[in-house]
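> Sequence first, then the predicted structure:
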Amino acid sequence: MIERKHSSFELSILALICILVLCGIWVAGLWPFHSPTNQIAWLADTNGLLFGRHGTAFTSGPLATSNLQDETSSSIEIWLQPGVVDDSSTILAFFTPQDPRQRFALRQSDTDLALSIGSQNEHIRARVPRVVYVDDIFRERKLQFIAITSGAEGTKLYVDGSVVKVIPQFRLSASDFTGQLVLGTSPVVNDSWPGQLRGLAFYENELSATQVSRHYETWTRQGRPDLSQNEQVLALYLFDERQGHVIHNGAGSGADIQIPERYKILREKFLEPPWKEFNRRWSYWKNVGINIGGFIPLGFFFCAYLALAGKISRPALVTVILGAAVSVTIEVLQAYLPTRDSGMTDIITNTLGTGLGVILYRWKAALLMKIIRRLRSVTA
């Protein structure tokens, strides 16, 4: 009679702990359970937008280029100030629903500026490198006017009207700017960029050094670039609306930028394979450790409960399967939450963590029972 009461107390304690562990995992994996408000605000005293921790804007349709046969020239001008310098995130990217890969993206990689191409065009795919870095552009975290011009001799990068780097082997073309334009995050994963965006323009031709210098002077002083007739403007966003949810394309009709009420990812990835998620950054390995460690308590306490209950012949195996099922469910649901990323790496690491928890229980089962019995004596 005493032994039944004792076992019943132990089961009750373990059941409560299991519920708490499971609730904690669900909260950690799915919080905030909904799409947050889009954190974008108009600057108070000047043209521009302020992007917060979760902020994005995108065109309602693709930019329409008229010179797609020319694979040799294009230009970008962007006037911006990053909010932080110790983070890596996407400033802008182009995206087509038919091909989930980004065509062209500008990213902040800590203090560096990264330019990447992801086009399905065979001519572009053959070009190397696919990603180039310009070092220490954002080291001082100040407002900068960046121009990227590309032609037959390669790509040049200007900062505040002066050339800072020439990349002969890297070229951009007007076809890289096809698809929807996304600002402030990646089109396929949560990769939000905090900072100020004051101006943005795309051209279908290579701007000269004189043109870049003139645009820098006129844009930063007058709020818009002084454009000549031979500058083939694809899109021009002055961010001078100062209110509302639309940024108009000053180059002509169409391709206006919309600011949604809530933060969203255009085509969020679903259970991305591990080989695509892998990278060598510290943040990747940190997340691996968190995902393993976060499921160790599940493996430990659920295995303890199932073993003590004695109704299942193989509690260790059932616990590992349970951990994997919980992880799969969370990753599937994360595909519908723009602040979370759905990937198979987490399923692998969570299952591994569950297995480690089972091993830890088998090693320290006697200690756990001793602690629970002492707790019973204290509460008796």
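Cool, got the structure.

> pLDDT value on the closest residue to residue 223 other than its chain neighbours, please?
Closest residue in space to residue 223, ignoring its immediate chain neighbours: residue 47 at 5.6 Å, by C-beta to C-beta, 6 or more residues apart in numbering. All C-beta atoms are positioned from the backbone trio N, CA, C, and that covers glycine. pLDDT, residue 47: 96.

> and what of residue 64?
72.

> how about the strands in the stretch 1-150 of the chain?
40-42, 49-51, 57-59, 74-82, 88-95, 104-109, 112-117, 131-134, 144-151 (DSSP state E, counting those that start in this stretch).

> So for residue 277, which of those strands sits nearest?
strand 88-95 (14.7 Å; C-beta to C-beta).

> Neighbouring strands - and their directions - for the closest one?
strand 104-109 (antiparallel), strand 180-183 (antiparallel) (DSSP bridges).

> Present those as a markdown table; the columns should include mean pLDDT, mean neighbour count and distance to residue 277.
What follows is the strands paired with strand 88-95, written out as a markdown table (pLDDT from 0 to 100; neighbours: other C-beta atoms under 10 Å; distance: least, C-beta to C-beta, whole Å):
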| stretch | mean pLDDT | mean neighbour count | distance to residue 277 |
| --- | --- | --- | --- |
| strand 104-109 | 94 | 21 | 17 |
| strand 180-183 | 94 | 24 | 20 |
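
> okay if I get these as CSV plus distance to residue 158?
Shown next, in CSV, are the strands paired with strand 88-95 (distance: least, C-beta to C-beta, whole Å):
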stretch, distance to residue 158
strand 104-109, 14
strand 180-183, 21
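
> So which of those is nearest residue 31?
Here strand 180-183 is closest among the strands paired with strand 88-95 (C-beta to C-beta), at 24.3 Å.

> elements contacting the host helix or strand of residue 276?
Assigned by DSSP states H and E, residue 276 falls within helix 274-277. Packed against helix 274-277 by the contact rule (3 or more C-beta pairs under 8 Å, 6 or more residues apart in numbering; DSSP states H and E) you find helix 344-379.

> Pull out the buried positions in the helix it packs on.
344-358, 360-361, 368, 372 (16 or more other C-beta atoms under 10 Å).

> same thing with stretch 284-299?
287, 288, 291, 292, 294, 295, 296, 297, 298, 299.

> now stretch 133-145
For stretch 133-145, by 16+ other C-beta under 10 Å, it's 133, 134, 137, 138, 144, 145.

> Can you convert those into TSV and add a column each for pLDDT and distance to residue 229?
As requested, the buried residues of stretch 133-145 are exported to TSV (pLDDT from 0 to 100; distance: C-beta to C-beta, whole Å):
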residue	pLDDT	distance to residue 229
133	93	35
134	93	31
137	94	31
138	93	34
144	96	28
145	97	22
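
> Let's have these in a markdown table, adding distance to residue 54.
Shown next, in a markdown table, are the buried residues of stretch 133-145 (distance: C-beta to C-beta, whole Å):
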| residue | distance to residue 54 |
| --- | --- |
| 133 | 26 |
| 134 | 27 |
| 137 | 24 |
| 138 | 20 |
| 144 | 24 |
| 145 | 26 |
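
> Settle this for me: residue 107 is touching residue 132, isn't it.
No. Here residue 107 does not reach residue 132: they are 11.0 Å apart, not a contact under C-beta atoms under 8 Å.

> which residues do these two both contact?
With contacts taken as C-beta atoms under 8 Å, 6 or more residues apart in numbering, the residues that reach both residue 107 and residue 132 are 114, 116.

> where do the helices sit along the stretch 151-300 of the chain?
Remark: helices assigned in the stretch 151-300 of the chain by DSSP state H, counting those that start in this stretch are 209-222, 274-277, 282-309.
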